[in-house]
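**Student:** Next comes the sequence, and after it the predicted model I'd like to discuss.
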Amino acid sequence: MAAPFALLALALLARCTPGSPPLTAPPAAPPPPLANASSTQTAPQVAVQATPSAAAAEFDHADFDALLKKHGRGDRIDYAALQADRAPLDAYLKRVALQPEAQLLAWPRAAQMAFWINAYNALTLRTIIDAYPIEGSGLSGLRFPKSSIRQLDDPWGKKHTVAGAPRSLDDLEHQLLRKHFQDARIHAAVNCASIGCPPLRLEAFTAAALETQLDEQMRAFVADPLRNVVDPTKKKIALSAIFDWFGEDFGTKANGKEGERALLAWLEKYGKPEWKAFLASFDPDDIDFLDYDWALNDVAR
């Protein structure tokens, strides 16, 4: 009976992909999602229209911006330094927790989106430094790198107070950002503290710069040879598992050729200009996906 028991234990440890339901049951009455603030493609309006006074009260992300610049090192974070200097992060997240939801709903779409992205990234940083240094143990230590966020107990299902309500990282990503804004560029903006993830932007997202920031994140992610391989010489495309896990967001569920070539369209839009002819002739069925690197995006020590 030992072998079946071991297989069962491994299955319980695996939280197969981001967005999978947590192994623990959700609360009986989770907070309702916010009013729809979808992208301009679908164009529904938020429940409360922005007013000049509401716009003036938009959230100030300057302190989060400063700590990202202070503790970011290229595509890595100095978690030891951040842990020793955590007061600004805790103060920022206290303001995130106390932000009135009704006021948030009165902001323009870009301000709302920037708030949720920054909240996700800040909470992920706090999740790591609360447990840092992370050490693998038991069967999870065999399945994932010892410093990985995957060693923690349900990091994406744990509830945090955000805009006055208990919300998990999964809630922020899947029920708010993905569902209500319907913009696949968010996958290059939210960071899961792992090397396989698109690097954490070392500045806060803001309403005024959001479109530029999201485009820059997507271009940097697509062109990064460590996370996406596009090699015309070898006639090879091997993309991040993010494009596979969230294919629906990138249009792969569309009917006909649109769905088949959706990922190539993203590469054409955000990739290098010299890829254009290669992508135009590439068979989308030949796209491969890379293994995801769950090692912590910590600085080398």
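**Tutor:** Structure received. Numbers count the residues shown, from 1 in each chain.
**Student:** can we go C-alpha only for contacts and neighbour counts from here?
**Tutor:** Will do.
**Student:** At which residues are the strands of this protein located?
**Tutor:** Along the chain, counting by DSSP state E, strands occupy 72-73, 76-77, 159-162, 165-168, 229-231, 236-239, 288-289.
**Student:** and among those strands, the most buried is which?
**Tutor:** strand 76-77 (a mean of 22; mean count of other CA atoms under 10 Å).
**Student:** tell me, what residue is most central in this protein?
**Tutor:** Val190 (2.6 Å; CA atoms, centre = their mean).
**Student:** got a list of what it touches?
**Tutor:** 117-118, 120-121, 173, 198, 200 (CA atoms under 8 Å, 6 or more residues apart in numbering).
**Student:** between those residues, which is closest to Lys158?
**Tutor:** Tyr120 (12.3 Å; CA to CA).
**Student:** Skipping adjacent residues, who's closest to the closest one in space?
**Tutor:** Leu169 (6.2 Å; CA to CA, 6 or more residues apart in numbering).
**Student:** these two touch, right, that neighbour and Thr161?
**Tutor:** No: between Leu169 and Thr161 there is no contact under CA atoms under 8 Å: 10.7 Å.
**Student:** and Arg301, what pLDDT?
**Tutor:** The score at Arg301 is 84. That number is its pLDDT.
**Student:** circling back: pick the one among the contacts of Val190 closest to Pro284.
**Tutor:** Taking the contacts of Val190 together and measuring to Pro284 by CA to CA, the closest member is Pro198, at 22.4 Å.
**Student:** I'd like the distance between that closest one and Ala122.
**Tutor:** For Pro198, the distance to Ala122 equals 15 Å [CA to CA, to the nearest Å].
**Student:** And Asp154, by the same measure?
**Tutor:** Asp154 is 17 Å from Ala122, by CA to CA.
**Student:** between the two, which one's more packed in?
**Tutor:** Ala122 (21 against 14; other CA atoms under 10 Å).
**Student:** which ones are touching the more buried one?
**Tutor:** Neighbours of Ala122 in contact, by CA under 8 Å, 6+ apart: 64, 89, 93.
**Student:** Low-confidence ranges, the stretch 101-250 of the chain, go.
**Tutor:** 139-140 (pLDDT under 70).
**Student:** let's see it at 80
**Tutor:** For the stretch 101-250 of the chain, residues meeting the criterion pLDDT under 80 lie at 136-141.
**Student:** all helices for it, in order.
**Tutor:** 101-105, 109-131, 138-143, 169-170, 210-223, 241-245 (DSSP state H, counting those that start in this stretch).
**Student:** need these in JSON lines with distance to Pro284, can you?
**Tutor:** Formatted as JSON lines, the helices of the stretch 101-250 of the chain follow (distance: least, CA to CA, whole Å):
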{"stretch": "helix 101-105", "distance to Pro284": "40"}
{"stretch": "helix 109-131", "distance to Pro284": "31"}
{"stretch": "helix 138-143", "distance to Pro284": "31"}
{"stretch": "helix 169-170", "distance to Pro284": "30"}
{"stretch": "helix 210-223", "distance to Pro284": "16"}
{"stretch": "helix 241-245", "distance to Pro284": "13"}
